[in-house]
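In: Build the 3D model from these lines:
(chains A and B)
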Amino acid sequence: MQINDPIVGARDVNLWYGRNHALRDISLNIKEKAVTAIIGPSGCGKSTFLKTINRMTDLVEGVRLEGLIEFRERPIRQYDIVELRRRVGMVFQKPNPFPKSIYENIVFGLRIQGIKNRGQLQEVAERSLRQAALWDEVKDRLQDSAMSLSGGQQQRLCIARALAVNPEVILMDEPCSALDPVATAKIEDLIAELKRDYTIVIVTHNMQQAARVSDSTAFFLMGELIEYDSTIKVFENPEDQRTEDYITGRFG
Amino acid sequence: MVTRQVFHDELEKLHQRLLEMGALVEEAVHTSVRSLAEQDTAAAQAVIDGDDVLDGMELEIEEGCIHLIALQQPMAKDLRLIAAILKIITDLERIADNATNIAEITIRIADQKLIKPLEDIPRMADMSAQMVHDALDALVKQDEAFAREVADRDDAVDAIYSALFDELVEIMQADQDPVRIAQCSNLLFAARFLERIADHATNIAERVVYLASGKREKLG
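Out: The predicted model follows:
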């Protein structure tokens, strides 16, 4: 799929976990201020690819990465890792709030950056919680432990925490798989809101979710990118038989 | 490994039911025109009575499609097949209505001597019914090229209709006989219904093109 001025661009990316060749010649451009979904069966490399974008795979022992990944036309290897992860945030499968207050969770990243101004911290906390559609539910108990929130609220808190440091890209790895349908619907609505200001890349097992929330969809299979097109094209009339078979459930 | 077996079995059942409906509709078209040519009111009545069955089938298939959409989230070719079936049953139901309208004409003019043996109308009926048959055959085979060929035949049916229209108007103008004018008007309607049947067959062919290629376009 032709994407001009991508915010993230991958060229011929190969990745090995030891001898396991997990990503094979992946070339894929991510459109700015849009939602890109990555789908595929377990072990297809979709989460691995997501993690390469903000170099989370650097943390895994025995990983070897070849090829080029650029963020804003600059190789991600050239970025300071803290800066890269500030600008390319991540939300995980299981909500992982810190065992601190709701407020401290949000301003944590700012404190690390050395920001001490209380007014500024409060302002960012409120803005982030509003953007994450959580403010109305927690504004009267910002000092309560984040662990007292429900699973869906915790996940929105994690999104608010990612937003607080003003990222450009938000990577979401199965953000709803631990949530009930109502909490899932809230996160999906939130994704639709956030794409006005942010670029979102979401990995999901749930094809209907990919169809509902994304503008373009990439289908991975056994470490390869099989098809990448507008979401409507992929789900209405995919080009590749393997995509067709996967999304119609003809193989599991 | 094939998964979603239950879903695909259900979808195949709907597809089969659509083809059964198609066969009954085709038969209704043939019977209605034969009843008109042979002034056979019993055959005409059978077509009229059979219309309720076809209306019921349309609702039943529509319900099946909606259930699959609601419960199974069909995608890609499955989605296109369900979308195609939903549209095609409407065309089949309209074709059956047109056959019923022709049967009603048979009954209306049963006690009149035909102004002349019917030739063009049965010929139009054969062509239109064959288009319906072949459009459904193209559906079974998911044959885009064949569907396009079927749609192309619509022009020939239109040409006969146009010629017949002129001929019947001429008879009415020349004769100025109220009884014959009434019969010519009825035959004109019958021809018009057959021309519409060919249009519906063209619509079915369009859905086959969509199913096979994902392209939505007007044919014919």
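In: what's stretch B:105-119 in contact with?
Out: Identification of contacts with stretch B:105-119 by C-beta atoms under 8 Å, 6 or more residues apart in numbering or on different chains yields B:32, B:35-37, B:39-41, B:43-45, B:48, B:171, B:179-180, B:182-184, B:186-187, B:189-190. In this view, the C-beta of every residue, glycine as well, is placed from N, C-alpha and C.
In: Contact partners for residue 216?
Out: This is for chain A. Per C-beta under 8 Å, 6+ apart, neighbours of A:Ser216: A:Met1, A:Lys31, A:Ala34, A:Val35, A:Thr36, A:Ala37, A:Tyr228, A:Asp229, A:Ser230, A:Thr231.
In: meant chain B actually
Out: Counted by C-beta under 8 Å, 6+ apart, B:Arg216 has contacts B:Glu206, B:Tyr210.
In: And the pLDDT at it?
Out: For B:Arg216, the pLDDT comes out at 91.
In: go on, B:Met1?
Out: B:Met1 is given a pLDDT of 47.
In: excluding its backbone neighbours, what's nearest the closest residue to chain B within chain A?
Out: Nearest residue of chain A to chain B (C-beta to the nearest C-beta) works out as A:Asn237 at 3.0 Å. Ranked by C-beta to C-beta, 6 or more residues apart in numbering or on different chains and with sequence neighbours excluded, the top spatial neighbour of A:Asn237 is B:Gly214, at 3.0 Å.
In: Now that neighbour. Its backbone dihedrals?
Out: B:Gly214 adopts backbone torsions of phi 80, psi 0, taken as degrees, to the nearest 10.
In: which residues touch it?
Out: B:Gly214 neighbours (C-beta under 8 Å, 6+ apart): A:Glu236, A:Asn237, B:Arg80.
In: all helices of chain B, in order?
Out: Using DSSP state H, the helices of chain B run over B:5-38, B:41-72, B:76-108, B:120-141, B:144-152, B:154-175, B:178-213.
In: what's the closest of those helices to A:Ser150?
Out: Nearest to A:Ser150 among those is helix B:41-72; the distance by C-beta to C-beta comes to 28.4 Å.
In: ok, then the element right after the helix or strand that contains A:Gly109?
Out: Following DSSP states H and E, one finds A:Gly109 within helix A:102-112. Tracing the chain past helix A:102-112, the next element assigned as helix or strand by DSSP H and E is helix A:118-131.
In: tell me which strands and helices that next one is in contact with?
Out: Contact analysis of helix A:118-131 by 3 or more C-beta pairs under 8 Å, 6 or more residues apart in numbering or on different chains; DSSP states H and E lists helix A:102-112, helix A:135-138, helix A:151-164 as its packing neighbours.
In: Residue numbers of chain B in contact with chain A?
Out: B:1-4, B:7-8, B:73-80, B:213-214 (C-beta under 8 Å from any C-beta of the partner chain).
In: Thought A:Thr248 was touching B:Pro74, still the case?
Out: Yes: counting by C-beta atoms under 8 Å, B:Pro74 touches A:Thr248, with 7.5 Å between them.
In: Contact residues of chain A facing chain B?
Out: Close to chain B, as judged by C-beta under 8 Å from any C-beta, chain A has residues A:207-208, A:211, A:235-238, A:243-244, A:247-252.
In: ok so A:Asn96 is a strand residue?
Out: No: counting by DSSP: H, G, I helix; E, B strand; the rest coil, A:Asn96 is not found in a strand; it is coil.
In: residue closest to the middle of chain A?
Out: Among the residues of chain A, the one closest to the centroid is A:Leu171, at 1.7 Å (C-alpha atoms, centre = their mean).
In: how much space between that one and A:Gln113?
Out: Separation of A:Leu171 from A:Gln113 (C-beta to C-beta, to the nearest Å) stands at 20 Å.
In: so the closest residue to A:Ile7 other than its chain neighbours, which of the three states?
Out: With sequence-adjacent residues excluded and distances taken as C-beta to C-beta, 6+ apart, A:Ile7 is closest to A:Glu32, at 4.1 Å. Recorded secondary structure, A:Glu32: coil (three-state DSSP).
In: which of the residues of chain B next to chain A are buried?
Out: B:Arg4, B:Phe7, B:His8, B:Gln73, B:Pro74, B:Met75, B:Ala76, B:Lys77, B:Asp78, B:Leu79, B:Arg80 (16 or more other C-beta atoms under 10 Å in any protein chain shown).
In: What's the local residue count around the closest residue to the second one other than its chain neighbours?
Out: Once its chain neighbours are removed from consideration, B:Phe7 has its nearest residue in B:Gln72; the separation is 4.6 Å (C-beta to C-beta, 6+ apart). B:Gln72 is flanked by 17 other residues according to other C-beta atoms under 10 Å in any protein chain shown.
In: separation between B:Gln72 and B:Asp78?
Out: Noted for B:Gln72: a distance of 8 Å to B:Asp78, by C-beta to C-beta.
In: Repeat that for A:Asp5.
Out: Noted for A:Asp5: a distance of 36 Å to B:Asp78, by C-beta to C-beta.
In: neighbours around A:Ile106, how many?
Out: Neighbours of A:Ile106 (other C-beta under 10 Å): 31.
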